[in-house]
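A.B. asks: quick one: sequence and predicted model below, then my questions.
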Amino acid sequence: MSRKIFSPEFKAESASKVLDDGMSISAACQTFGVGDTAMNGQKLLVSSAVSLIAIALFIHDGVIAWYEGTLVLLGTLAGGYVAAHLSRRLPQSYVRSAVIVAGIVITRYFFYAT
């Protein structure tokens, strides 16, 4: 499958819809017929930019607990790796149910703990 090439005019028009008219990126992608893959790429780009800016601000303010943060990073990487392999082997309904139950449990915990 070849990569779709968009003209500079198309890019300018779609960016104008988002920046000037206040249309969401998702709505602009659907309006202009851009596929889900490109839309997910845009969302990932925006999310990454926001995260990098937040990290830079936290580093600048000196509020990062590096030791604890490193432990959390390693645990998250290992957990994500294991979860990805397990979720491919289990039926999708089990994975979906586990995600829903985990979300409910965590939401209730934070609702009642705070």
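C.D. replies: That came through, no problem.

A.B. asks: mind giving me the packing neighbours of the strand or helix carrying residue 112?
C.D. replies: Element membership of residue 112, judged by DSSP states H and E, is helix 92-113. Of the remaining helices and strands, none touches helix 92-113 by 3 or more CB pairs under 8 Å, 6 or more residues apart in numbering; DSSP states H and E. Placement of C-beta: from N, CA and C, glycine included.

A.B. asks: return the alpha-carbon coordinates of that helix using CSV.
C.D. replies: What follows is helix 92-113, C-alpha atoms only, in CSV (Å, rounded to 0.1, in the frame of the first residue of the first chain):
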residue,chain,number,x,y,z
GLN,A,92,-11.0,-10.0,22.7
SER,A,93,-14.0,-10.2,25.0
TYR,A,94,-11.8,-11.1,28.0
VAL,A,95,-9.4,-8.3,27.3
ARG,A,96,-12.3,-5.8,26.9
SER,A,97,-13.9,-7.0,30.1
ALA,A,98,-10.6,-6.8,32.0
VAL,A,99,-10.1,-3.2,30.9
ILE,A,100,-13.6,-2.2,31.9
VAL,A,101,-13.3,-3.8,35.3
ALA,A,102,-9.9,-2.2,35.9
GLY,A,103,-11.3,1.2,34.9
ILE,A,104,-14.3,0.8,37.3
VAL,A,105,-12.1,-0.3,40.2
ILE,A,106,-9.6,2.5,39.7
THR,A,107,-12.3,5.1,39.3
ARG,A,108,-14.1,3.9,42.5
TYR,A,109,-10.8,3.8,44.4
PHE,A,110,-10.0,7.4,43.5
PHE,A,111,-13.5,8.6,44.0
TYR,A,112,-13.7,7.3,47.5
ALA,A,113,-10.0,7.9,48.5
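
A.B. asks: chain center to it, what's the gap?
C.D. replies: Mean-position distance between helix 92-113 and its chain equals 19 Å (CA atoms, centre = their mean, to the nearest Å).

A.B. asks: check stretch 61-75 too.
C.D. replies: Mean-position distance between stretch 61-75 and its chain equals 20 Å (CA atoms, centre = their mean).
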